[in-house]
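Colleague: Provide a 3D model corresponding to the input given below.
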Amino acid sequence: MQTISILAVEDEPSICDNIIYAVEREGFQISCVSTGQEALEILKTQTISLVVLDVGLPDMNGFEICKEIRQKSNIPIIFLTARNDEIDKILGLEIGGDDYMTKPFSPRELVARIKVILRRSNPESTNEKPNEFTLDIHRYQISFQGVDLGLARYEYMILKMLLTKAGRVYTRSEIMDAIWAEPLASFDRTIDTHIKTIRSKIRDIAGDLEVIKTHRGIGYSILEKYSL
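Modeller: Got it, this is the predicted structure:
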């Protein structure tokens, strides 16, 4: 099984610590350095799967580092920057970056993007099946493609219900009766709002992938292939 090794190039210790924590939770190896020169030296001697590269480093500009890397390697690169200028994003992608995240960012989202890029560049690299849900009933967590969705209580209960019998259409009334202690105090719109939030959290990981199907005037189902 291939070992995934991430190199983070970031000069802010707190950000580096957050990246290390999030990446190691996924079982990946990670090193973090604070200068571009250190990063280039590591890339000469070690096999790295992906680089998370800050644009504003103390010794070199991240874009210049990317250009040097691209002279010898097609290794995936995700840029980090405190600037939100569209021109910077375009430049980063044009010179060979694979993705671009603006600070402050969610470490969970960064990990999700890392996994998507690794899967795209090497489908066997993340050692998991794509588009797969996993359920942790002890922690009340549901993960998608190996990333915890961070669901609130009712979101967790709704998605668990749909996954348990994937393909079945549940009416809004059935969902209310099964989950809410006082279903009459809830409204159809409550279900719709929770479903919208669940979809948004899945899209944070998988882009525009549609997992939950709306049956107009009836309710919702989850695609049968996602059955637990």
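Colleague: Next, the buried residues of the least confident helix or strand in the chain by mean pLDDT.
Modeller: Least confident helix or strand of the chain, by mean pLDDT, DSSP states H and E, is helix 86-94 with a mean of 82. By 16 or more other Cβ atoms under 10 Å, the buried positions in helix 86-94 come out as Asp88, Lys89, Leu91, Gly92. (Glycine included, C-beta is placed from N, CA and C.)
Colleague: these two touch, right, the first one and Ala82?
Modeller: It refers to Asp88. No: counting by Cβ atoms under 8 Å, Asp88 does not reach Ala82; the two are 10.1 Å apart.
Colleague: Would you map out the domains in the chain?
Modeller: Per automatic domain parsing, the structural domains of the chain span 5-121, 133-226.
Colleague: so how many other residues sit close to Val111?
Modeller: Other residues within reach of Val111 by the criterion other Cβ atoms under 10 Å amount to 22.
Colleague: Kindly report the same for the one 5 residues further on.
Modeller: Residues contacting Val116 under the criterion other Cβ under 10 Å number 19.
Colleague: The one 5 residues further on too?
Modeller: Using other Cβ under 10 Å, Ser121 is surrounded by 14 other residues.
Colleague: before we move on, what about Ile212?
Modeller: 17.
Colleague: so how far is Ala152 from it?
Modeller: Look at Ile212 and Ala152: by Cβ to Cβ, to the nearest Å, they are 16 Å apart.
Colleague: Then Ala22?
Modeller: Distance from Ala22 to Ala152, counting by Cβ to Cβ: 20 Å.
Colleague: Show me which of the two is the more surrounded one.
Modeller: Ranked by neighbour count (other Cβ under 10 Å), Ala22 and Ala152 place Ala22 first, with 20 against 13.
Colleague: hang on, that one in a helix?
Modeller: Yes: assessed by DSSP: H, G, I helix; E, B strand; the rest coil, Ala22 belongs to a helix.
Colleague: Need the nearest residue in space to Ile191, chain neighbours excluded.
Modeller: Arg172 (4.7 Å; Cβ to Cβ, 6 or more residues apart in numbering).
Colleague: My error: substitute Ile175 in the last question.
Modeller: According to Cβ to Cβ, 6+ apart, the nearest residue to Ile175 is Ile191 (5.5 Å).
Colleague: just Tyr21 next, same as before
Modeller: Pro107 (7.0 Å).
Colleague: residues near Val147, how many?
Modeller: Other residues close to Val147 by other Cβ under 10 Å number 24.
Colleague: List the beta-bridge partners for it.
Modeller: Phe144 (DSSP bridges).
Colleague: where's it relative to Phe105, distance?
Modeller: Distance from Val147 to Phe105, by Cβ to Cβ: 14 Å.
Colleague: And Ile205, by the same measure?
Modeller: For Ile205, the distance to Phe105 - Cβ to Cβ - is 14 Å.
Colleague: Assess the claim that Asn18 and Glu109 are in contact.
Modeller: No: counting by Cβ under 8 Å, Glu109 is not a contact partner of Asn18; they are 11.7 Å apart.
Colleague: which residues do those two both contact?
Modeller: Here Asn18 and Glu109 have no joint contacts, going by Cβ atoms under 8 Å, 6 or more residues apart in numbering.
Colleague: How are the strands of the protein distributed by residue range?
Modeller: For the chain, the strands defined by DSSP state E cover 5-9, 29-33, 50-54, 77-81, 99-102, 133-136, 141-144, 147-148, 170-171, 212-215, 219-222.
Colleague: re earlier: neighbour count winner among Asn18 and Glu109?
Modeller: Asn18 (18 against 14).
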